[in-house]
Structure formats: structure tokens, C-alpha cells
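Undergrad: coords below, sequence missing:
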């Protein structure tokens, strides 16, 4: 199985440019399971100037969301997120971000049901180094702001255990840019004008994220080096789209907030917030929201939030611009397909 991925650089004039494109193979460590598996960490040559391990190449785009309360040596691994711009915009599931509210740690508060603030919590993402050229490890990027990507509605849904009204299970976040003009590596997201199979019922939905994460005990080994047993392994989960619920905000037919779909896929803990690619494996159409368990454990059934209905919503922290507006201007370095003759 392969995912089509772009790799960006920054030009001398400050604009972002795609340097290379390639299909990244996501092979299984254990080939006995083709629907849910850990990704094999092969070395891959993107082009003559770009080589890395699969986990480092994909880990530039798909990242673990982590939290640490100031003064504690425990790193909480909350879920998965994915970059959508070169400047550090990323998307995850809203309930990943609300975990500190749900479990009451970090002195977290919210404003107007849309924004999020904490005085004691360090919330961020872990981006792996490329072990071909660097010391193996992770670089931590703190999340600067979070906004729940939703509309204010009279009848929003409640995320279980969280005293916060949300109309979708999607959050957009911002981390700092990388020093030296190095871009974060975004995934391409759904936008108007695309022609393809999309997320039709019966088509394959492919999620890529960090299943099986555990909280980590941290130890300081140098002034700027922290060590821990980081089990951050990428997994693939594949399944068919079973049903779509575009009007779920009004009908409240299923437990995932807002427009969503169900799939015959295993969404295990840690994969919440993972990108869901469509049948063509190029664009992200959804965000992993909820897996399903029975008395025997995780089942091949879960829900994903639809990304398209949130594309036109204003983002207060970006001067009211929407993702659709950002795509149109290209100012943040967001991948977009250009249709010939359009």
C-alpha cells in the first residue's frame, strides 16, 4: 500500500514550493494482517536529494499529540495529528485536545466553546529526526493555539465526559515554524474542484496514525536532552465506508459529533485524530474520531469526521480566514491541485 506525498522547500523569496512528489510505501511489519498493521521502517529514496526511513518521512507530516504538566516527569500521549501547512498548521480530533479537560489536569480553560487555554500544560507534537543524517530521536514543538473547527449551533453535541459543546470532532492547531526556513511537511486535504472517487459508500478509507501509544516517564540526561521509552510506531488501518451521516449535527444519529461516516476499520487508541485518506490515497478527507470495542476488544468498526464541511469555517486565530481561503491564496504553503483550464 502506498500514499502519494509531496515534499516542500522554501524559495529565496520566502514562498513555499513542492520540491518532489512520490508514492511512499507503507508495508507491514507482519504481513499476515492487511487491514491493520504496524508500518515497516524501510529506507526510501524520494529523489536524489531526499532519502529517509519511512517513519521519519511520514513522521514529518503525521505526528503524535502529547502533553506534559509543568513540574511533572510524565509525558501523556493523547493521539495523532497531521500537518496541513508548511508554517505549522495541523489538524487533529477535538476530543484529543479536550483530554486535559476530560481528565482534569493542566489547569485548562476554554473561551466561547471554540478556543483553548492552559496555564500549566505543555501541549505539543513530536516530530522524528531522520536517522540517515541525524541522531535518532524526536523534536518537540509546542502548540501555540488551538481552535475547535466548528460552528456555533443551538443543538451541539457533547463529547462524552467533557463539559464543552462541539458541533464537530475536529480541531485546528498551530506550532512554530522550523528554524532556517525549513518547512513542516503538510498532507494534501480535500478541497473544491477535486474529481475522483472520494469517500463514497463501499470505497476504501485508509487511516495512518500512532496506535498503541503509552504515557512515557521522562528523565533529563542533559540540559537540552530528555530521554524516555517512546513507543511511537505508525500503523495503517484500512476498511470500507459503510454509511455517511452528513446531517448528523441535526439528526444526532451516531455518537461522533457533526458530519461523519462509519467504516469497517479498526481505530485503536492513539489513532484518534489520524488523517483518513480516500480510495485514491492522495487527499485527506476525514479525521479518525472513534473506534468501537466489544467484550473481545477492538472491533473493525469506527467513525471518522468529514473534513469538507469545516473547510469554509472562519478561524479566529487566523484573522477569520477559512481553510478554503488559505488554499486559494497559498500563503501558508498548503498543497492544492490545480485543474488544467479551470
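TA: In hand now; what should we look at? Since we're looking at a predicted model, the values are computed, not measured.
Undergrad: residues contacting residue 87?
TA: Neighbouring residues of residue 87 by CB atoms under 8 Å, 6 or more residues apart in numbering: 174, 177, 183-184, 332-333. For glycine as for every other residue, the C-beta is placed from the backbone atoms N, C-alpha and C.
Undergrad: what does residue 237 give?
TA: Applying CB under 8 Å, 6+ apart, we find residue 237 in contact with 35-36, 206-209, 211, 265-268, 271, 274.
Undergrad: okay if I get the residues you listed as CSV plus neighbour count, secondary structure and distance to residue 9?
TA: Formatted as CSV, the contacts of residue 237 follow (neighbours: other CB atoms under 10 Å; DSSP: H, G, I helix; E, B strand; the rest coil; distance: CB to CB, whole Å):
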residue, neighbour count, secondary structure, distance to residue 9
35, 14, coil, 36
36, 20, strand, 34
206, 22, strand, 27
207, 29, strand, 28
208, 29, strand, 23
209, 28, strand, 26
211, 24, coil, 31
265, 29, coil, 34
266, 23, coil, 36
267, 28, coil, 34
268, 20, coil, 35
271, 28, coil, 30
274, 32, coil, 26
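Undergrad: Switch the contacts of residue 87 over to TSV; also include secondary structure and distance to residue 94.
TA: Formatted as TSV, the entries for those read as follows, by DSSP: H, G, I helix; E, B strand; the rest coil; distance: CB to CB, whole Å:
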residue	secondary structure	distance to residue 94
174	strand	15
177	coil	24
183	coil	26
184	coil	21
332	coil	21
333	coil	24
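Undergrad: Counting neighbours, what do you get for residue 127?
TA: Look at residue 127: counted by other CB atoms under 10 Å, it has 21 neighbours.
Undergrad: Next up, phi/psi of the nearest residue to residue 320 once chain neighbours are set aside, please.
TA: In this structure, residue 320 finds its nearest non-sequential neighbour in residue 314, 4.4 Å apart by CB to CB, 6 or more residues apart in numbering. Note on residue 314: backbone dihedrals following degrees, to the nearest 10 are phi -70, psi 140.
Undergrad: Can you tell me which helix or strand of this protein has the lowest average pLDDT?
TA: The helix or strand with the lowest mean pLDDT-type score in the chain, counting by mean pLDDT, DSSP states H and E, is strand 157-158 (a mean of 46).
Undergrad: out of the contacts of residue 87, which one sits closest to residue 244?
TA: The shortest separation between residue 244 and any of those is 29.2 Å, and it belongs to residue 332 (by CB to CB).
Undergrad: secondary structure element for residue 122?
TA: Secondary structure from DSSP states H and E places residue 122 in strand 121-128.
Undergrad: Output the contacting helices and strands for that strand.
TA: helix 54-59, strand 62-69, strand 138-148 (3 or more CB pairs under 8 Å, 6 or more residues apart in numbering; DSSP states H and E).
Undergrad: Could you dump those into a markdown table with mean neighbour count and distance to residue 42 added?
TA: Converted to a markdown table, the helices and strands packed on strand 121-128 look like this (neighbours: other CB atoms under 10 Å; distance: least, CB to CB, whole Å):
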| stretch | mean neighbour count | distance to residue 42 |
| --- | --- | --- |
| helix 54-59 | 21 | 5 |
| strand 62-69 | 24 | 17 |
| strand 138-148 | 18 | 20 |
